[in-house]
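>>> Structure here, sequence nowhere to be found:
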């Protein structure tokens, strides 16, 4: 079964959960970011202690990277945030770079923003921009 890891800003947590449900309906093996997968919450919702939050984020990043290595593809939920259409933050950029290094397919639900400091790097990874998630079947 084709395994897809969902990535993106936790700002889009609700959308990620909805997309995961739809992908599962389509027959894919889907993994959400770890806190959403296990608790249905973001790391910031699990602790208000900043030191604990940083440690938790470190643990979660390693776990998520391990899951990316085991996957066939990542699907990046990159919607509008802070006035940036197709927002991709630092953590998500690192997940995309990691997936690229491990030769995983990289899907985005929206085009790459033109105004990020790492737009050129994102373009060089040649992600597949989807019009809808049903299109994934055309690339596997």
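Alright, I've got the coordinates. What you see is a predicted model, and the numbers here were worked out from it, not measured in a lab. Numbers count the residues shown, from 1 in each chain.

>>> Name the residues of the lowest-mean-pLDDT helix or strand in the chain that are buried.
Ranking every helix and strand in the chain by mean pLDDT, DSSP states H and E puts helix 34-39 at the bottom, with a mean of 78. Residues of helix 34-39 classed as buried: 34-37 (neighbour count, 16 or more other CB atoms under 10 Å). C-beta: built from backbone N, CA, C; applies to glycine.

>>> same thing with stretch 43-59?
43, 56.

>>> Report the next helix or strand after the longest helix along the chain in sequence order.
The longest helix of the chain (DSSP state H) is helix 50-70. Toward the C-terminus, helix 50-70 is succeeded by strand 73-77 as the next helix or strand (DSSP states H and E).

>>> Can you name the residues in contact with that next one?
Under the criterion CB atoms under 8 Å, 6 or more residues apart in numbering, residues 2-9, 12, 15-16, 19, 23, 68, 88, 92, 95-96, 99, 104-109, 127, 133, 136, 140 lie in contact with strand 73-77.

>>> so where do the strands sit in the chain?
3-8, 29-31, 73-77, 105-108, 128-129 (DSSP state E).

>>> could I get those strands as a markdown table with mean pLDDT?
Shown next, in a markdown table, are the strands of the chain (pLDDT from 0 to 100):
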| stretch | mean pLDDT |
| --- | --- |
| strand 3-8 | 97 |
| strand 29-31 | 96 |
| strand 73-77 | 98 |
| strand 105-108 | 98 |
| strand 128-129 | 98 |
